[in-house]
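*Asks:* 3D model of this:
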Amino acid sequence: MVEKYKHLERREVFKNNHITVYSEKLQLPNEKVVDWTFTGKREAVGIIASFDDNTILMVKQYRPAVKKVTMEIPAGLVEEGEDPQEAALRELEEETGYKAGKIEKVCEFYNSPGVTDGKFYIYYAEELKKTHQHLDEDEFLEVERIAIKDINILKLSDAKTMLAVSFINNKKL
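*Replies:* All right, here's what the predicted structure looks like:
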């Protein structure tokens, strides 16, 4: 199926530290040429930080794109050349002030492959030890330890967190 599409030309329209916007000429299987616009996003990680008492760490923060405060699992961008698992460990400690003694990859996925090529990784972290938060100068968030049974997946608005809570609910069954 892929061979039926021809990528003819790609140009960068905009770029910053988080995303790149591309415009691409794409020849479809019926030979029609269309302009396709999508974003290239840096890889990102999300961390399910789990305690033995069936609680997890979540962060509450304002998200300017949706003009709302959201409740999410800790997450962040993978730095250039950084292994996603190392990024997960780093982001967990930076955002929450906890270091994980054990971590495993749950899954990797594309948030919305129709409009972005950004890959996301979710990790499950255990054996948490309190250290210190190291927030970036533009990060303002509150860390909360929440019982898994008290999280209503349908009240969440963040897809990675919904996926993470679904995973943890299945893991604890």
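
*Asks:* From now on I want contacts and neighbour counts done on CA atoms only, so please keep to that.
*Replies:* Will do.

*Asks:* Give the residue spans of the chain that score low on pLDDT.
*Replies:* 1-2, 172-173 (pLDDT under 70).

*Asks:* quick one: the strands in it?
*Replies:* For the chain, the strands defined by DSSP state E cover 6-15, 19-27, 33-41, 44-49, 55-63, 68-72, 75-77, 98-110, 119-130, 141-147.

*Asks:* For residue 69, which non-adjacent residue is closest in space?
*Replies:* Counting by CA to CA, 6 or more residues apart in numbering, residue 69 lies nearest to residue 62, which is 4.1 Å off, once chain neighbours are set aside.

*Asks:* what is residue 61 paired to in the beta sheet?
*Replies:* Beta-bridge pairing of residue 61 under DSSP bridges involves residue 70, residue 141.

*Asks:* in terms of contact, does it touch residue 142 like I think?
*Replies:* Yes. Counting by CA atoms under 8 Å, residue 61 does reach residue 142; the two are 6.7 Å apart.

*Asks:* Which of the two has more residues huddled nearby?
*Replies:* Legend: neighbour count by other CA atoms under 10 Å for residue 61 and residue 142, higher for residue 61 (16 against 13).

*Asks:* Against residue 83, how distant is that one?
*Replies:* In this structure, residue 61 and residue 83 are 25 Å apart, going by CA to CA, to the nearest Å.

*Asks:* What of residue 90?
*Replies:* Look at residue 90 and residue 83: by CA to CA, they are 11 Å apart.

*Asks:* Can you pick out the residue with more neighbours from the two?
*Replies:* residue 90 (19 against 10).

*Asks:* quick one, what contacts that one?
*Replies:* Going by CA atoms under 8 Å, 6 or more residues apart in numbering, residue 90 touches no other residue.

*Asks:* same thing with the one 4 residues further on?
*Replies:* When the contact criterion is CA under 8 Å, 6+ apart, the partners of residue 94 are 132-135.
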